[in-house]
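Asks: Structure here, sequence nowhere to be found:
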């Protein structure tokens with residue numbers, strides 16, 4: 001366990017209004033006036049105003065963190081509202097950063113909100129991080145997580161990391177330059193990214209909405225502890241939460257002795273590979289658009305349309321005439337005997353990532369005329385049949 005000195009010096013004073021506002025903090029002996037002044041002086045950068053960013057931003061603001069930065073370039077979509085509680089129905093179509101800023105101002109007008117409406121890139125991350133005391137990373141893809149980690153190392157900043165999927169969440173604190181040799185970073189937990197397709201995103205696999213609150217609030221708790229120097233931080237520990245079993249457990253983390261020092265930022269998309277090299281190679285010249293598939297079906301072409309998603313996704317929406325064969329059954333070889341040899345096969349998933357992986361397996365098994373649908377069922381629903389639901 002890591003008990004650390006306060007990250008931030010205290011502000012000069014609290015106003016009369018601030019004393020009234022934060023009174024429930026001020027009467028906690030460990031936190032008190034000194035801790036609240038440190039929160040007032042703190043500058044915290046939150047990456048993303050989505051599932052984890054939403055509760056984190058609201059609670060950082062409510063707690064009295066003086067300056068909050070938001071990195072966000074996306075817009076509010078109706079599918080966000082099931083978990084991204086900083087946005088409302090009237091915000092659909094608005095930039096998430098602006099919606100989040102307005103909600104923060106409504107929660108606490110004393111907070112200075114800095115909006116960074118950009119995509120975090122190797123070219124901008126280090127300079128941006130240097131402007132803040134602490135980073136909170138609630139992103140949902142490995143490429144950005146490694147970028148945040150490496151930029152935080154090079155900027156000399158600690159950061160709180162959170163991750164969610166379906167009913168499970170994880171939280172830890174990473175800080176390469178932590179005092180007393182306690183330094184760890186994300187690469188000690190995950191030396192390399194998992195293979196493409198191994199870990200679905202929340203968009204592909206789903207997430208229980210309220211899980212975001214559970215994990216986001218733990219992230220803010222860790223941020224407050226780091227800023228004020230109270231308690232034992234999660235530096236050196238991974239907290240794992242299972243909502244179905246309702247249990248929190250912590251696992252001790254150690255520095256990976258084989259880890260190379262981080263000296264520069266790299267191409268993280270290439271490092272993580274959203275689609276495997278095999279999937280990319282198989283898709284070249286074997287990818288058709290939704291309109292092309294529609295035209296082939298209209299012309300009466302005899303095709304086998306194979307849906308490689310999961311049964312729960314099929315229940316939401318599926319293409320007419322399709323057959324459901326989940327990707328894992330194709331990759332394991334179990335389903336190859338069910339595929340027709342005498343007509344062209346068109347694979348599809350939700351967005352085209354899983355179908356590319358399945359396509360590579362089919363090509364390797366000798367199905368040379370198989371193709372996959374670019375953009376998946378989402379592209380079909382947006383370009384061909386707009387009456388279909390999008391999930």
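Replies: Thanks, I have it. Every value quoted in this text rests on a predicted model; they were computed, and no experiment measured them.

Asks: residue contacts, the spatially most central residue of the chain?
Replies: Closest to where the C-alpha atoms of the chain average out (CA atoms, centre = their mean) is residue 140, at 1.3 Å. Residues in contact with residue 140, defined by CB atoms under 8 Å, 6 or more residues apart in numbering, are 48, 50-51, 163-164, 201-203. No exception for glycine: its C-beta is placed from N, CA and C like everyone else's.

Asks: Show me those that map onto strands.
Replies: 163-164 (DSSP state E).

Asks: is it true that residue 323 touches residue 309?
Replies: No: using CB atoms under 8 Å, residue 323 is not in contact with residue 309; the gap is 11.7 Å.

Asks: Looking at these two, which is more packed in?
Replies: residue 309 (23 against 15; other CB atoms under 10 Å).

Asks: Look at the more buried one and report its pLDDT.
Replies: On the pLDDT scale, residue 309 is placed at 95.

Asks: Give me the spatial nearest neighbour of it, chain neighbours excluded.
Replies: Leaving aside its sequence neighbours, residue 309 sits nearest to residue 349 (CB to CB, 6 or more residues apart in numbering; 5.2 Å).

Asks: State the distance from the one you found to residue 317.
Replies: Counting by CB to CB, to the nearest Å, the gap from residue 349 to residue 317 is 12 Å.

Asks: Compare the two (neighbour count), which wins?
Replies: Between residue 349 and residue 317, counted using other CB under 10 Å, the more crowded position is residue 349 (26 against 17).

Asks: For residue 60, which residues are in contact?
Replies: Contact partners of residue 60, counting by CB under 8 Å, 6+ apart, are 44, 46, 68, 136, 220, 223.

Asks: which stretch of helix or strand covers residue 128?
Replies: Element membership of residue 128 [criterion: DSSP states H and E] is helix 125-129.

Asks: Return the set of buried residues in that helix.
Replies: 125-126, 128-129 (16 or more other CB atoms under 10 Å).

Asks: Going by residue numbers, what spans are strands in this protein?
Replies: All strands of the chain, identified by DSSP E, fall at 43-47, 67-71, 112-116, 134-137, 159-165, 168-174, 237-242, 247-252, 287-288, 304-307, 322-324, 345-348, 371-373.

Asks: Please dump the ones you listed into TSV; it should also carry distance to residue 336 for every row.
Replies: Below are these laid out as TSV (distance: least, CB to CB, whole Å):
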stretch	distance to residue 336
strand 43-47	42
strand 67-71	44
strand 112-116	48
strand 134-137	41
strand 159-165	29
strand 168-174	32
strand 237-242	35
strand 247-252	39
strand 287-288	21
strand 304-307	11
strand 322-324	14
strand 345-348	11
strand 371-373	16
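
Asks: Select, out of the ones you listed, the one closest to residue 261.
Replies: Among the strands of the chain, strand 168-174 comes nearest to residue 261, with 14.8 Å by CB to CB.

Asks: what does the closest one contact?
Replies: With contacts defined as CB under 8 Å, 6+ apart, strand 168-174 is touched by 2, 149, 152, 158-164, 184-186, 188-189, 211, 214-215, 218-219, 222, 226, 233-235, 237-243, 253.

Asks: likewise stretch 223-235?
Replies: In contact with stretch 223-235 (CB under 8 Å, 6+ apart) are residues 1-8, 30-31, 34-35, 38-39, 42, 44, 56, 60, 63, 65, 133-134, 136, 158, 160, 171-175, 178, 182, 184, 222, 250.

Asks: wait, which of the contacts of residue 60 is closest to residue 296?
Replies: The closest of the contacts of residue 60, once distances to residue 296 are taken by CB to CB, is residue 46, at 46.2 Å.

Asks: Around that closest one, how many other residues sit close by?
Replies: With other CB under 10 Å as criterion, residue 46 counts 30.

Asks: Am I right that it is in contact with residue 71?
Replies: Yes: between residue 46 and residue 71 there is a contact at 7.2 Å, judged by CB under 8 Å.

Asks: just the helices in the stretch 101-250 of the chain please.
Replies: 125-129, 142-155, 186-189, 202-205, 211-228 (DSSP state H, counting those that start in this stretch).

Asks: on that earlier part again, separate out the buried members of the contacts of residue 60.
Replies: Buried among those by 16+ other CB under 10 Å: 44, 46, 68, 136, 220, 223.

Asks: so how far is the helix-or-strand element of the chain with minimal mean pLDDT off the chain centroid?
Replies: Ranked by mean pLDDT, DSSP states H and E, the weakest helix or strand in the chain is helix 202-205, scoring a mean of 73. Centre-to-centre, helix 202-205 and its host chain are 10 Å apart (CA atoms, centre = their mean, to the nearest Å).

Asks: helices or strands up against it?
Replies: strand 159-165 (3 or more CB pairs under 8 Å, 6 or more residues apart in numbering; DSSP states H and E).

Asks: So what are the sheet partners of the strand it packs on and their directions?
Replies: strand 134-137 (parallel), strand 168-174 (antiparallel) (DSSP bridges).

Asks: now residue 205: how far from residue 185?
Replies: Relative to residue 185, and taking CB to CB, residue 205 is found at 26 Å.
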